[in-house]
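> Need a 3D model of the following:
(one chain, ligands or ions: 2)
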Amino acid sequence: MEIFKGNKIHGGIAIGTVLFYSREKRKIVRRRVEDTQAELSRLNEAKRAAAVQLEELCQKAREETDSQNAQIFEAHLMMLEDYDLNTAIANVIESQSVSAEYAAAVTGDSFASRFENMDDEYFRARGEDIRDVTERIIDALMGGVHRLNADEPSIIAAQNLTPSETLRTDKTKLLAFVTQKGTTSSHTAILARAMDIPAVSGIEVRAEWDKRTAVVDGHKGIFILEPDEETLESYREQQKKDAQQELLLKKYKGIKTTAKNGRRINLYANVGSLDDIDAALQNDAEGIGLFRTEFIFMERAQAPTEQQQFEIYRKAAQKMAGRRVIIRTLDIGADKQLPYISLGKEDNPALGCRAVRLCLARPELFKTQLRAIFRASVCGNISVMYPMITSVEEVQRIKQLVQEVKAELRNENIPYKETEQGIMIETPAAALISGSLAGEVDFFSIGTNDLTQYTLAADRQNSRLAQTFNPHHEAVMRLIKMTIENAHSAGIWAGICGELASDLSITQSLIDMGADELSVSPGMVLRVRKAVSEA
Ligand code: PEP
Ligand code: MG
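Ligands and ions are numbered 1, 2, ... in the order given. Here you go, the predicted structure:
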C-alpha cells in the first residue's frame, strides 16, 4: 500500500481500478516487416475496431446530447474511409515494408500538417480531426490505454486534463480524477465538482498504476494505491457515512435560503450544459448564477450557430421555469482553447486576448451569441453577464454592441426582453473601480477564481502554487468587500460565483460582507444552504 498526499479538489470517496491516461504521443518506431500483406490485414482490422468505437460514440452523442455532437463522430467515420488517406497508408506499408502503426502515424502527420498550415481556421481544425482518426487507428493496432474511454467505472489518473478532455469523459464510467496539475480553481476542477465526483490534484501519477486498485479520498486530498484490507474497510465505512450525510441534506430541499439574521440569499448554481441544469434542479438551486457558455463551444468541432445557441439558451430558460438564468458570454482563452478560433501565439494567455477582449475583437462572434441570448430572453427569466471586465469603456462598448443587436432584432420583428445586464468582477482593476462600474450595469458577480489569480499573481492552474493561490488572502477579501459595498451604494446587487462561494469555512464572512447571491456547483447547493442557515 502506498499513500500520496495531494490537494483537495472535490470531496467524496472512490474505490476502484485506475485508468492511466497520457496525452503524450507514444513512441512509434520505424519497424520493418517481412509480410506486408499481414500488416494490411492488421490495418483493416484496426479500422473496423475504430469504426465500431466511432459508431458507438455517435449513438451516445445522439442519445445524451444534441445531434451536433454526433456530427463530429460522423465526420470522423467518413475520414476513416477516406480514399486518399487509406491509399497513402497502404502505400507506405507496401513501398517501405514497415508496420501499420508507423505507416498510419507518418501518413496522419503529413495529412494533418497540410491542413494545419492552411490560412482558413476551418481547415486548420480539420488537421486535428485527422490526427484524432489516425490516433484511434493506432490505438486499435497497439491496444493501448491512451484514451479516456474506460470499459468499466475507473479512477482516471492523468498528468493533466484539459477542460475539453474532462468534458469528453464518459461520466457513467468515471469514479474519480487524480491529476498532477490543476488547482481547486482550475476549470477541470470546476468540471469535476459539477459532475460531483471525488478529485485530487498535485499527485505525481505514474503509468504503472494502470489497472491497479486504489482509493481516492477527496475529503482529505489523498490517493492510496493498493490499499490493504483494513484501509479498504474503513473507506467503505466512510462511503456509507457520506451517503447518510447526503440523506440528511434532503431536509434543505424546497426551502428558501435564509441566514440566521433573517436575510435572504439567492442560492444559485453554476452550469456549463443543459445536463448541469437538470442537476441544478435536482439539487433545488433557486436559479442559474453562471452559465459558462464556452463549454458549449468547446464540445463542438466548430462554433455553434446562432440557432443552435438559441435552442440551448431557450431550453435552459424553459427548464428553469421563471427562475433567473444568468448567461455569461463566451470566456475563451487561457486554459479554455477552441481549435477553430485561433488566438495567435500568446506568451501569457491568462493575461492575453481572453473572454470579452476576444469578443470585442471579434464582434461577429460576439453579436451572434448576443442575438441568440436576446432571442431566448422571451422564453424565461434570462440575464446576461460579461466576463473579464477591466474598464468602464469596455462596458460601454459592449452596451453599444447590445444596442446594435437589439436594433437588428427589432428590424427583423424578432421579439426580445429588456434583460438585466451584469458584469463579472474578477480582475483587481474591476474591483477597484467597481464604484464607477456600478453605474453602468444591473448587477455584479464576483469571480473569485480569477480575482485570486490576478490579485496574488498566482496561476490558478499551477498545483505547485496551491498554498499561494489563497482566496482567503486579505487582499482578495478586501476587494470582495469593496465590490459589495460599491454595488449596494449604487443600489445594485452583488453575488459571488467563483469557487469561494462554496467554501463552507467562509460562508459566514461572505454573508457578513453582504453578499446577495451565492452561485455554486449543483452538488454543493444543499450544503451551502445548510451553512447559510447556520451563519
Ligand atoms: C471566476 O473566475 O471566479 C469565475 C467564476 O469564472 P471562471 O472560473 O469560469 O473563469
Ligand atoms: Mg473567471
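> Tell me how far residue 219 lies from residue 12.
7 Å (CB to CB, to the nearest Å). (Each C-beta comes from the backbone N, C-alpha and C, glycine too.)
> quick one: which of those two has more around it?
Neighbours around residue 219 and residue 12, counted as other CB atoms under 10 Å, are more numerous at residue 12. The numbers are 20 against 15.
> tell me the contacts of that one?
Each residue near residue 12 by CB atoms under 8 Å, 6 or more residues apart in numbering is listed here: 176, 196-198, 218-219, 242.
> Could you do residue 420 as well?
With CB under 8 Å, 6+ apart as the criterion, the residues that contact residue 420 are 383-384, 442-443.
> ok but residue 424 is inside a strand, no?
Yes: inclusion of residue 424 in a strand is indicated when DSSP: H, G, I helix; E, B strand; the rest coil is applied.
> what's across from it in the sheet?
Beta-bridge partners for residue 424, by DSSP bridges, are residue 445.
> In this structure it contacts residue 292, no?
No: because the distance of 11.0 Å does not satisfy CB atoms under 8 Å, residue 424 is recorded as not touching residue 292.
> Between these two, which contacts overlap?
Where contact means CB under 8 Å, 6+ apart, the residues bridging residue 424 and residue 292 through contact with each are residue 328.
> Could I get the buried residue list for stretch 455-467?
For stretch 455-467, burial by neighbour count (16 or more other CB atoms under 10 Å) applies to 455-456, 458-461, 463, 465-466.
> again but with stretch 70-85, I slipped
Counting neighbours by 16+ other CB under 10 Å, one finds that the buried residues in stretch 70-85 are 70-77, 79-80, 85.
> ok, residues contacting that stretch?
Residues contacting stretch 70-85 (CB under 8 Å, 6+ apart): 47, 50-51, 54-55, 57-59, 61-62, 107-108, 111, 129-130, 132-134, 136-137, 300-301.
> one more time with 6 Å
Contacts made with stretch 70-85 from outside it, assessed by CB atoms under 6 Å, 6 or more residues apart in numbering, are listed as 47, 50-51, 54, 57-58, 61-62, 111, 133, 301.
> Buried ones only from these, please, as a PyMOL command.
Only the buried members of these enter the following PyMOL selection, criterion being 16+ other CB under 10 Å:
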select buried, resi 47+50+51+54+57+58+61+111+133+301
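> Now tabulate the contacts of stretch 70-85 in TSV and tack on pLDDT, secondary structure and distance to ligand 1.
Formatted as TSV, those follow (pLDDT from 0 to 100; DSSP: H, G, I helix; E, B strand; the rest coil; distance: CB to the nearest ligand atom, whole Å):
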residue	pLDDT	secondary structure	distance to ligand 1
47	92	helix	39
50	86	helix	34
51	89	helix	37
54	84	helix	31
57	76	helix	27
58	79	helix	30
61	69	helix	24
62	74	helix	28
111	90	helix	35
133	88	helix	31
301	72	coil	22
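> So of the contacts of stretch 70-85, which two are at opposite extremes in space?
62 and 111 (27.8 Å; CB to CB).
> which residues in the stretch 251-400 of the chain form helices?
274-282, 294-298, 306-320, 356-361, 363-376, 392-411 (DSSP state H, counting those that start in this stretch).
> for the stretch 151-300 of the chain, which spans come out with low pLDDT?
Judged by pLDDT under 70, the stretch 151-300 of the chain has its weakly predicted residues at 164, 168.
> now the buried residues of stretch 70-85 in CSV, with pLDDT, distance to ligand 2 and secondary structure?
Supplementary listing: those in CSV, determined by pLDDT from 0 to 100; distance: CB to the ion, whole Å; DSSP: H, G, I helix; E, B strand; the rest coil:
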residue, pLDDT, distance to ligand 2, secondary structure
70, 74, 30, helix
71, 79, 30, helix
72, 77, 27, helix
73, 80, 31, helix
74, 86, 34, helix
75, 87, 32, helix
76, 87, 32, helix
77, 90, 37, helix
79, 91, 35, helix
80, 91, 38, helix
85, 93, 40, helix
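> Taking the residues you listed together, which two end up most distant?
It's 70 and 85 that sit farthest apart of the buried residues of stretch 70-85, by CB to CB, at 21.6 Å.
> Please list all residues in contact with the closest residue to ligand 1 within the stretch 1-150 of the chain.
Closest approach between the stretch 1-150 of the chain and ligand 1, counting by CB to the nearest ligand atom: residue 9, at 13.7 Å. If you count contacts by CB under 6 Å, 6+ apart, residue 9 has them with 184, 189, 192, 199-201.
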